[in-house]
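Structure of the sequence below:
(one chain, ligands or ions: 1)
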Amino acid sequence: MKNIHEWYREKLGNKVIDNLKKNRFNARYINNKADSINYLEEIINEYDVIAFGGSTTVLYELKLQDIAISLGKNVLNHNIPNLTVEEKLKIRKKQLTADLFITSTNAVTVDGRLVNIDGTGNRVAAMIFGPKRVVVVCGINKIVENVDEAIKRIKFISAPMNAKRVNSKTPCTETGQCVDCNSLERICNITTIIDKKPPLSNIEIIVIGEHLGF
Ligand code: SF4
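All right, here's what the predicted structure looks like:
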């Protein structure tokens with residue numbers, strides 16, 4: 001059974017990669033987490049000032065921020081304890097012009113579009129324009145058929161879990177279900193669809209053949 005799962009993941013992953021390339025993104029499929037970490041460490045090593053999107057895949061499963069810190073990189077982290085609101089804001093703005101910005105995506109469609117819903121907008125802004133290089137890391141579980149399915153996936157799975165992760169006082173963190181709330185702590189304020197690579201941005205998407213993040 002394992003081989004059939006692997007076969008399916010590779011077929012699906014590579015189909016998405018082909019379509020991402022048609023949409024002018026750099027893209028590659030990597031079978032597993034360990035090989036992905038090796039590849040990403042090589043990329044991290046090429047740059048000095050590095051920022052990360054708030055992503056379970058990137059921060060907690062692949063631990064890429066820890067790797068960058070251990071390599072002595074200048075990591076722009078607005079979640080360091082005891083920062084003032086102004087200090088956090090200043091770091092978030094600097095992230096927009098980092099040498100390297102690594103994040104995940106909430107969903108990627110089979111025809112090669114990146115779909116995200118963000119609360120503050122700094123993550124999606126940095127994905128679109130600013131950093132010298134953007135790397136988007138995506139578990140196989142985030143592939144969906146089309147944009148409608150992407151938004152359904154985000155509202156059904158990603159957003160309630162992300163709201164819980166950041167401790168938002170929103171209805172979904174009580175029930176696990178999105179009710180399209182009007183809460184002041186709502187994390188779903190901006191929806192972006194990157195259809196094709198913008199001309200002045202250098203964006204690479206790595207699809208990993210494992211279940212990562214949510
Ligand atoms: S309930 Fe509000 S914060 Fe939670 S997923 Fe829905 S819109 Fe987003």
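
Pairing partners for the most centrally placed residue in the chain in the sheet, please.
By C-alpha atoms, centre = their mean, the chain has its centre lying nearest to residue 104, at 1.3 Å. Beta-bridge pairing for residue 104 (DSSP bridges): residue 137.

likewise the one 4 residues further on?
Taking DSSP bridges, one finds residue 114, residue 143 as the beta-bridge partners of residue 108.

picking that back up, so the residue nearest to the centre of the chain touches residue 57, yeah?
Yes. Taking C-beta atoms under 8 Å as the definition, residue 104 is a contact partner of residue 57 at 4.2 Å. For every residue, glycine as well, the C-beta is placed using N, CA and C.

Quick check: neighbours shared by these two?
Residues touching both residue 104 and residue 57 (C-beta atoms under 8 Å, 6 or more residues apart in numbering) are 137, 138, 139, 212, 213.

Tell me which residues touch the last one, please.
Taking C-beta under 8 Å, 6+ apart as the criterion, residue 213 is in contact with 55, 56, 57, 58, 61, 104, 139, 141, 142.

again, but for the fourth one
With contacts taken as C-beta under 8 Å, 6+ apart, residue 212 has the following neighbours: 33, 56, 57, 61, 62, 104, 137, 138, 139, 140, 141, 142.

And the strands in the chain?
26-30, 49-52, 74-76, 100-104, 107-109, 114-118, 133-139, 143-144, 190-194, 203-208 (DSSP state E).

Which one of the ones you listed lies nearest to the ligand?
The ligand sits nearest to strand 114-118 of all those, at 7.5 Å, using C-beta to the nearest ligand atom.

Near the ligand, which residues of the chain? Just list them.
Residues of the chain lying close to the ligand (C-beta under 6 Å from any ligand atom) are 155, 159-160, 163, 170-172, 178-181, 183, 186-188.

What about the closest residue to residue 213 other than its chain neighbours, how many residues nearby?
Of all residues not flanking residue 213 in the chain, residue 57 sits nearest, at 3.5 Å (C-beta to C-beta, 6 or more residues apart in numbering). By other C-beta atoms under 10 Å, the residues close to residue 57 number 27.

got a list of what residue 57 touches?
104, 137, 138, 139, 212, 213.

which stretches of this structure have low pLDDT?
Of all residues in the chain, those with pLDDT under 70 make up the ranges 1-2.

In it, what residue spans correspond to helices?
Counting by DSSP state H, the chain has helices at residues 2-22, 33-45, 64-70, 85-95, 122-128, 147-153, 159-165, 172-175.
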